[in-house]
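Visitor: Build me a model from this:
(one chain, ligands or ions: 2)
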Amino acid sequence: MEKQSLNKIAFIGAGNMAKSITIGLVNSGVPAKNIIVANPSPEKRLALAKEFGIEQTANNIDAVEFADIIVLSVKPHFIEQVCQDISEKINIKNKLFLSVAAGTTIAQIQSALNAKASVVRTMPNTPSQLGLGMSGLFASKEVNQAEKAAANKLMSAVGEVIWVTSEDKINEITAVAGSGPAYFFLFMEAMQKQAQEFGFTEQESRLLVQQTALGAAQMVEHNPIPISQLRENVTSKGGTTFAALETFRQQGLEQIVANSMQAALTRAQEMAKSTN
Ligand SMILES: NC(=O)C1=CN([C@@H]2O[C@H](COP(=O)(O)OP(=O)(O)OC[C@H]3O[C@@H](n4cnc5c(N)ncnc54)[C@H](OP(=O)(O)O)[C@@H]3O)[C@@H](O)[C@H]2O)C=CC1
Ligand SMILES: O=C(O)[C@@H]1CCC=N1
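Guide: Numbering: from 1, shown residues only. Ligands and ions are numbered 1, 2, ... in the order given. Predicted coordinates:
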């Protein structure tokens, strides 16, 4: 069997997600010379190249030629055009495609590539830049064991991974973890705003909220007991937390969370149905 080298990584698109994964990869020890980023406009790819010493190009085809693993990190509506362009200009045999695009199916990518290429769909999130990412992965049936291991290694370098057994589960990963950081940011923004209403400065309010969120997240990580138990440990009967939690409940927080995550899932499913 032909030996497959899967060391060189190309990002097509130099935006938020490419940046988050690149930072995580470089910090985890992947040599910068093995990473290239392609983006037609210069600003973001030059900034990434300057900061991390990675290669950069304006030309997607040059990046695909350079790499073994092609990370499709453009907005979903550009995936079709990007893949068609690649398939028209280059032999993609032995390349592994790793797509981070929300709501874009493997069938759509293979159709645009005009080949039953090896495609892994992954749904990461932006904390990947700190090595604290959470990614779901699903492999097309063309993906071999070496490619699966390479995709696993790449995404594990930037955080935790789980493999899902059906492609539509990626949409659910999106609704929980892909979009999830923004849910917590919104909650923290609202808490910061109210702390400022209480009279704390913007800086003090941010510190109060960020340290509280960090401590809470770390407690969840370090205590393998139900999260509800951690909540109960803070909640004295008839006390301040109880008053706050009752207000959240009366005003429908749990239903709001469920509805919002369902809206994210529905949107991912709609995107998968559209023709891009
Ligand atoms: N942001 C997030 O938290 C997450 C995003 N994703 C997915 O990641 C993908 C990228 O999202 P995100 O990084 O936020 O988006 P960004 O808009 O930040 O990045 C996309 C980049 O693609 C570039 N681009 C546009 N057209 C082309 C092209 N033809 N060839 C090469 N590059 C091109 C854009 O350049 P320019 O700006 O110059 O037009 C931009 O730099 C999406 O598909 C999204 O669904 C997945 C998980 C989480
Ligand atoms: O909002 C989006 O569509 C992308 C996918 C998950 C996070 N950002």
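Visitor: How about the lowest-mean-pLDDT helix or strand in the chain and ligand 1, any contact?
Guide: The helix or strand with the lowest mean pLDDT-type score in the chain, counting by mean pLDDT, DSSP states H and E, is helix 16-27 (a mean of 92). Yes: counting by Cβ under 6 Å from any ligand atom, ligand 1 has neighbours in helix 16-27: 16-18. All C-beta atoms are positioned from the backbone trio N, CA, C, and that covers glycine.
Visitor: among those, which are within reach of ligand 2?
Guide: Okay, of the residues of helix 16-27 next to ligand 1, nothing touches ligand 2 (Cβ under 6 Å from any ligand atom).
Visitor: Selecting buried members of these in PyMOL, what would you type?
Guide: The following PyMOL line selects those of the residues of helix 16-27 next to ligand 1 that are buried, judged by 16 or more other Cβ atoms under 10 Å:
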select buried, resi 17+18
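Visitor: Other residues contacting the least confident helix or strand of the chain?
Guide: 9, 11, 32, 35, 37, 44, 48, 52-54, 71, 73, 100, 124-131, 133, 154, 157-159 (Cβ atoms under 8 Å, 6 or more residues apart in numbering).
Visitor: likewise stretch 217-235?
Guide: 216, 241-242, 245.
Visitor: From the residues you listed, keep the buried residues only.
Guide: Using 16+ other Cβ under 10 Å, nothing in these comes out buried.
Visitor: How confident was the prediction at residue 59?
Guide: At residue 59, the pLDDT value in this model is 97.
Visitor: Share the number of residues neighbouring it, please.
Guide: 12 (other Cβ atoms under 10 Å).
Visitor: My guess is it contacts residue 38. True?
Guide: Yes: using Cβ atoms under 8 Å, residue 59 is in contact with residue 38, at 6.4 Å.
Visitor: What is the end-to-end distance of stretch 166-183?
Guide: The straight-line separation of the ends of stretch 166-183 (Cα to Cα, to the nearest Å) is 25 Å.
Visitor: pretty sure residue 171 contacts residue 269?
Guide: Yes: between residue 171 and residue 269 there is a contact at 5.6 Å, judged by Cβ under 8 Å.
Visitor: how about the helices in the stretch 151-276 of the chain?
Guide: For the stretch 151-276 of the chain, the helices defined by DSSP state H, counting those that start in this stretch cover 169-173, 180-197, 202-222, 227-234, 240-250, 253-273.
Visitor: Just say which of these is most tucked in.
Guide: helix 169-173 (a mean of 22; mean count of other Cβ atoms under 10 Å).
Visitor: Those residues of the protein touching ligand 1, which are they?
Guide: So the chain meets ligand 1 at 12-18, 38-41, 44, 60, 73-76, 78, 82, 100-102, 123-126, 178 (Cβ under 6 Å from any ligand atom).
Visitor: So which of those residues sit within helices?
Guide: 16-18, 44, 60, 76, 78, 82 (DSSP state H).
Visitor: Just want the residue of the stretch 1-150 of the chain that's nearest ligand 1.
Guide: residue 15 (1.7 Å; Cβ to the nearest ligand atom).
Visitor: any chance of the helices of the stretch 151-276 of the chain in CSV, with distance to residue 109 too?
Guide: As requested, those are exported to CSV (distance: least, Cβ to Cβ, whole Å):
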stretch, distance to residue 109
helix 169-173, 12
helix 180-197, 24
helix 202-222, 34
helix 227-234, 36
helix 240-250, 41
helix 253-273, 11
